[in-house]
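Participant: sequence unknown, structure follows:
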C-alpha cells in the first residue's frame, strides 16, 4: 500500500516533465508567429481606410492607391535578397532588425505630413516585411525537424490567416472610431514583443559566407519589381496602357535573363538545380495557384456583394470573413495531415478542394448567388487554401532550395506574385461588363494548372539495394 503513492507521484512528475519539455520545444514559435501576424496585418490593414486617406490628402485613387501598391511591391520583390541576407548576417539578428524596421515605418506613417511621405514609410514597412517572411520559414526549418515541421508550419499558416482575417475589419474599426493614422499604431507594440521574444527564445544561429551574385540578384529583383508593378497598375491604368505594357515587357525580359544567367555562372544567386528539384518546384507552382485564387476571391466576392447585390460593406465583410476564418482554423490540421500523408498528397487534396470551390462559385455566381449559398463556397475555398498553403510550405522547406535563404525568399515571392496577378485578373474581368463567370472560370483553370503542377519534375530514383 505504501508503495503506490511514490509510483503515482513519479508518474505525475514524469508527465509534468514531458509537458514542460514540450512547452519549451514550441515556445520559439511565439515570436515567429507574432512577426508573421505583424507582416500579414500590415499587408491589408490600410485597405479599408484608404478612402479616408484619399480624402485627407485630397488626391485621386490613381495616386492614393500607391499607399497599398508601394508596400506590396517592396516586400514581394525583396524577399529573395533578404533571404540571402539572413544566411549572411544571421537569421535571428535579421528577424529583430526586420520587425524594428516595420515598427519604425509604422510610427512614421502615423505622423506622415504628405502623401509621398506616407508612401515612403509604407516602403520602409515593406522592406522590413520582406525580411520577416522568409526568415521565419528559415528559422522554423532550423529549429524543427521534419517530424515536427509540418505542425510548426501549420501554426505559421494559421498566423497568416489570422492576419488576413483581422486586418481589414480592424483597420476599418480603428479608422471609424478614431483616425486612419492610428491603423498603424498596433505595429509598434507587436514589433517590440516579437523582437524581445526572439532575443529570449530563439537560438542565436550561425552565419554563412554566401557570395553575392550581383547580376543575378539585380535581374531577379528588378525584373520581379517591374513585372509585379505592371500587374499592380492594371486596376489604375488599364491593361493596354504603355505604363503597364512597357514595364511588364522589361520585367519579363529581366527574369528571362536571370534564368539564363544562373545556368552559366559558377556561383549563381540561386543554383538552377535547386529550383528544379521536384518538391520545391511542385510546392511553388501549387502555392502560386492557391494565392491567385485567394487574391481573386477576397477582391471579387466583396465586389459582387456590394455592386451586384447592393449589400453594405459591413455585411459583405462579415460574409467574406468565412474564407480566412476557415483557412486559419484548419491550417494546423493541414500541418498534421502533411506529416501523416506526406506534403504531396495533402497538397493535391487541397487543390482538388480549391478547384471544387471555384467550380461551385462559377455555377452560383453565374446564375445569381444568394447570401446563404455564399458561405459554403467561401468555407470550401478556405479549406482548400489551408490544405495547399501548409503542405506547400512544408514541401519547400524540406527541399534543398528550402535550406538556403534565397530559395525560401523566391518561394515567398512566387506566393505573393500569385496574389497580385489574381487581383489583376479581377480588374480585367470586371472592367466594363461584370463577367463574374469568366472571373471564376479563370480561378478554376488556375487551380487545375496548380494540380497538374504537383506532378512536375522527376521523382528521385530509389537508391539501389546494397
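Facilitator: Thanks, I have it. This one's a predicted model, so the numbers in the text were calculated from it and none came from an experiment. Residues are numbered from 1 along each chain as shown.

Participant: any weak-confidence spans in the stretch 1-150 of the chain?
Facilitator: Low-confidence segments of the stretch 1-150 of the chain, defined by pLDDT under 70, span residues 1-25, 47-48, 50-51, 59-66, 146-147.

Participant: Downstream of the longest helix along the chain, the next helix or strand is which one?
Facilitator: Under DSSP state H, the helix in the chain containing the largest number of residues is helix 146-177. Scanning forward in sequence from helix 146-177, with DSSP states H and E defining helices and strands, the next element found is helix 187-201.

Participant: still on that earlier bit, can you give the distance from the longest helix of the chain to the centre of its chain?
Facilitator: Relative to the mean C-alpha coordinate of its chain, helix 146-177 is positioned 10 Å out (CA atoms, centre = their mean, to the nearest Å).

Participant: Check what contacts stretch 338-350 and list those residues.
Facilitator: Outside of stretch 338-350, the residues that reach it under the criterion CB atoms under 8 Å, 6 or more residues apart in numbering are 147, 149-151, 153-154, 279, 282-283, 286, 290, 334, 337, 383-392, 394-395, 398, 451, 454. No exception for glycine: its C-beta is placed from N, CA and C like everyone else's.

Participant: May I see the PyMOL selection of the buried members of the residues you listed?
Facilitator: To isolate in PyMOL the members of those that are buried, counting by 16 or more other CB atoms under 10 Å, one can use:
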select buried, resi 149+150+151+153+154+279+282+283+286+290+334+337+383+384+385+386+387+388+389+390+391+392+394+395+398+451+454
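
Participant: measure stretch 200-215 end to end?
Facilitator: Across its full length, stretch 200-215 reaches 38 Å end to end, with CA to CA, to the nearest Å as the criterion.

Participant: same question for that stretch, mean pLDDT?
Facilitator: Over the span of stretch 200-215, the pLDDT mean works out to 69.

Participant: From residue 355, how far off is residue 445?
Facilitator: When distance is defined by CB to CB, to the nearest Å, residue 445 is 9 Å away from residue 355.

Participant: To clarify, my last question referred to residue 199.
Facilitator: Noted for residue 199: a distance of 44 Å to residue 355, by CB to CB.

Participant: do the same with residue 130
Facilitator: Looking at residue 130 against residue 355, where the rule is CB to CB, the gap reads 31 Å.

Participant: Settle it for me: which of the two has more neighbours?
Facilitator: Residue environment comparison for residue 130 versus residue 355 gives the larger neighbour count to residue 130, 28 against 22, counting by other CB atoms under 10 Å.

Participant: which SS state does the more buried one fall under?
Facilitator: For residue 130, the secondary-structure state derived from DSSP: H, G, I helix; E, B strand; the rest coil is helix.

Participant: Tell me the spacing between the nearest residue in space to it that is not next to it in sequence and residue 220.
Facilitator: Take residue 130 and drop its neighbours on the chain: the residue closest to it by CB to CB, 6 or more residues apart in numbering is residue 78, 3.7 Å away. With distances defined as CB to CB, the gap from residue 78 to residue 220 amounts to 10 Å.

Participant: more crowded one of the two?
Facilitator: Shown here are residue 78 and residue 220; by other CB under 10 Å, residue 220 has more neighbours (27 against 23).

Participant: How about that one: what's its closest non-neighbour residue?
Facilitator: Counting by CB to CB, 6+ apart, the nearest residue to residue 220 once its immediate chain neighbours are dropped is residue 258, at 4.7 Å.

Participant: tell me which element residue 328 falls in.
Facilitator: According to DSSP H and E, residue 328 maps onto helix 322-341.

Participant: quick revisit: so the longest helix of the chain versus helix 322-341, what angle?
Facilitator: Regarding helix 146-177 and helix 322-341, their directions subtend 170 degrees when assessed with axes from the mean of the first three to the mean of the last three CA atoms, to 10 degrees.

Participant: Checking residue 46 next. Helix, strand or coil?
Facilitator: coil.

Participant: For it, list the residues it contacts.
Facilitator: Contacts here follow CB under 8 Å, 6+ apart; on that basis residue 46 touches 53, 67, 68, 71, 122, 171, 180, 183, 184.
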